[in-house]
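Asker: Have a look; sequence and predicted model below, questions after that.
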Amino acid sequence: MPLIKLQTSVKIQDKAALALELSRVCAQCTKKPEAYVQSVVEDDAVIAMAGKITDSAFVEVKGIGGLTPAVNKALSEAICKALEGKLKISPSAVYINFTEVAASSWGHNGSTFG
């Protein structure tokens, strides 16, 4: 059940396409079924990066198990590549936060995963 959430200062023309791309990337890197991945795309935020207002992004990736150092590195590379390709955001202007969540702390379908 990975979640990938993007906040960016860039105005996105096709949010649905980017949400699907991030969902695919997250599923591939975590080796979790895409049926359990949720992706959220929020654009047009005001983000200061390195003391300047510039095109940048903040990405949160949360998961129940599987966010190892190797997976996080692969996710970071794939997410930055997607954002650079789709939104022209330099990887140096992207921060990504990886968080492991206890299965009992994540609700879905009227229950929790643990």
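Answerer: Everything's here; your move. Numbering: from 1, shown residues only.
Asker: Pairing partners for the helix or strand of the chain with the lowest mean pLDDT, with directions?
Answerer: Lowest mean confidence among the helices and strands of the chain (mean pLDDT, DSSP states H and E): strand 107-108, at a mean of 92. Within its sheet, strand 107-108 is paired with strand 111-112 (antiparallel), according to DSSP bridges.
Asker: average model confidence for the strand it pairs with?
Answerer: For strand 111-112, mean pLDDT is 94.
Asker: Now tell me what touches the least confident helix or strand of the chain from outside.
Answerer: Met1 (C-beta atoms under 8 Å, 6 or more residues apart in numbering). (Glycine included, C-beta is placed from N, CA and C.)
Asker: now do stretch 45-59
Answerer: Residues contacting stretch 45-59 (C-beta under 8 Å, 6+ apart): 4-10, 79, 83, 87-90, 93-97.
Asker: Looking at those residues, which are in helices?
Answerer: Ile79, Leu83, Leu87 (DSSP state H).
Asker: how about the helices in the chain?
Answerer: When secondary structure is read from DSSP H, the chain shows helices at 15-30, 69-87.
Asker: Tell me which of those sits most buried.
Answerer: Most buried of the helices of the chain by mean neighbour count (mean count of other C-beta atoms under 10 Å) is helix 15-30; its value is a mean of 18.
Asker: what sits up against it?
Answerer: So helix 15-30 is contacted by 2, 4, 6, 12, 32-34, 37-41, 43, 61, 63, 66-67, 71, 74-75, 78-79, 82, 86-87 (C-beta under 8 Å, 6+ apart).
Asker: rewinding a little: do you know which of the helices of the chain lies nearest Ser105?
Answerer: helix 15-30 (18.0 Å; C-beta to C-beta).
Asker: could you give the mean pLDDT of the closest one?
Answerer: 97.
Asker: Next: stretch 97-106.
Answerer: 96.
Asker: For it, measure first residue to last.
Answerer: Distance across stretch 97-106, first residue to last, is 17 Å (C-alpha to C-alpha, to the nearest Å).
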